[in-house]
Each structure stands twice: as C-alpha cells, then as structure tokens.
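Student: what's the 3D shape of this:
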Amino acid sequence: MRLLKTTVTVAALLAFCMALSVSSAVSAQEVDSSIAACLKVWGDHPFGKNPQFKTLGTSAKVFGIGSGAADSQGTATPSLVLVNPIFNVMGETTIDLLNPNGWYCLRTTVSILGKVNIRAHCKAQLAETSDGSAVRSREPENRGIKNLNVTVVGTVAIERPCS
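Tutor: Model prediction:
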C-alpha cells in the first residue's frame with residue numbers, strides 16, 4: 001500500500017512538471033524573460049540587446065525511460081543556448097553542455113527520487129533561471145545552481161570537464 005502511495009505521488013509530481021514544461025514552451029515572452037534573466041546575471045556578455053540563441057529541448061525521464069539532451073558541438077564564437085526544463089523521476093539522466101564557447105541558460109531542473117548529471121565544459125558559462133530569479137555559477141561546486149533546483153530525495157550533480 002505504501003508503494004502505491006509513493007507511485008501515485010511521484011506520478012502527480014511528474015504530471016505537474018510536464019504541465020510546467022508545456023506552458024513554458026508555448027510562451028515566447030517567457031522564453032525571452034529567461035534569456036534576459038541569464039544575461040543580467042552574467043552582466044558582461046558578448047550578445048548585445050537582442051541576442052540570437054538556440055534552444056535545447058526538454059529532457060524528461062521517468063523510471064529511466066525518456067530522453068536526455070546534449071550540446072556537444074563546439075563553436076568558434078560565443079553561442080547562447082536556452083536549455084529547456086530538465087525533469088527526472090526515479091532514474092538517472094545526463095545532460096551534456098560541452099561547447100567551450102557555450103553560454104548556457106538553464107530554465108529549471110527537477111529531480112525526484114533520482115539523479116540529474118549536468119556535464120558542462122570547464123570554460124562554458126552557466127546560469128539558471130527560476131521564477132524570475134537567476135544565479136551565476138562558475139565555481140566547481142556550483143552551489144548557486146543547486147540552490148535553484150527542485151530536488152526531492154534526489155541529487156543534481158555538475159561535472160566540469162575540460163576535454
């Protein structure tokens with residue numbers, strides 16, 4: 001009976017997370033505000049007032065089933081990337097952000113009874129938005145990013161390889 005309660009609770013949380021994903025992907029104005037929040041955190045950036053950016057799709061995994069996301073192609077110039085929400089429930093997922101010239105703006109990271117691994121190149125810039133707030137994270141511990149995630153009996157780990 002207890003397992004059934006846990007499963008129902010996890011399913012409800014997943015449905016809530018997916019609903020957040022759908023509503024955030026529809027509103028272009030909200031996407032622009034996410035980029036604006038990250039640019040504000042970075043302060044000095046090479047993108048100007050109306051930056052061009054690409055979007056990395058939503059990553060959703062439940063019980064290990066689902067998709068991850070990756071940006072592994074390097075660029076010669078700075079590249080602004082909006083990383084759509086990352087959801088993980090009772091499993092493990094890895095997101096690769098490996099462009100050394102990447103400026104990654106993460107919208108939301110949710111881990112429930114699971115683990116999210118974010119591999120970001122050591123020279124990449126990271127910032128995360130959450131409810132209109134953002135925090136810069138360059139230090140190896142990435143304490144600021146971890147503080148803006150939703151983690152329920154789970155973990156979010158950030159690895160910063162240079163290769």
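
Student: low-confidence ranges, the protein, go.
Tutor: Scanning the chain for pLDDT under 70 picks out 1-31, 130-149, 163.

Student: would you map the strands across it?
Tutor: 54-56, 59-62, 65-67, 69-71, 79-83, 86-89, 92-97, 102-106, 109-112, 115-120, 125-130, 133-137, 150-152, 155-159 (DSSP state E).

Student: adding mean neighbour count, write those out as JSON lines.
Tutor: For every residue, glycine as well, the C-beta is placed using N, CA and C. Shown next, in JSON lines, are the strands of the chain (neighbours: other C-beta atoms under 10 Å):
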{"stretch": "strand 54-56", "mean neighbour count": "15"}
{"stretch": "strand 59-62", "mean neighbour count": "21"}
{"stretch": "strand 65-67", "mean neighbour count": "11"}
{"stretch": "strand 69-71", "mean neighbour count": "17"}
{"stretch": "strand 79-83", "mean neighbour count": "21"}
{"stretch": "strand 86-89", "mean neighbour count": "27"}
{"stretch": "strand 92-97", "mean neighbour count": "20"}
{"stretch": "strand 102-106", "mean neighbour count": "25"}
{"stretch": "strand 109-112", "mean neighbour count": "24"}
{"stretch": "strand 115-120", "mean neighbour count": "20"}
{"stretch": "strand 125-130", "mean neighbour count": "24"}
{"stretch": "strand 133-137", "mean neighbour count": "18"}
{"stretch": "strand 150-152", "mean neighbour count": "15"}
{"stretch": "strand 155-159", "mean neighbour count": "17"}
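
Student: adding distance to residue 45, write those out as a markdown table.
Tutor: Shown next, in a markdown table, are those (distance: least, C-beta to C-beta, whole Å):
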| stretch | distance to residue 45 |
| --- | --- |
| strand 54-56 | 16 |
| strand 59-62 | 25 |
| strand 65-67 | 29 |
| strand 69-71 | 18 |
| strand 79-83 | 8 |
| strand 86-89 | 23 |
| strand 92-97 | 16 |
| strand 102-106 | 7 |
| strand 109-112 | 22 |
| strand 115-120 | 17 |
| strand 125-130 | 8 |
| strand 133-137 | 11 |
| strand 150-152 | 27 |
| strand 155-159 | 20 |
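
Student: and the closest residue in space to residue 51 that isn't next to it in sequence, what does it touch?
Tutor: Nearest residue to residue 51, sequence neighbours excluded (C-beta to C-beta, 6 or more residues apart in numbering): residue 80, at 5.3 Å. By C-beta atoms under 8 Å, 6 or more residues apart in numbering, the residues touching residue 80 are 35, 47, 51-54, 103, 105.
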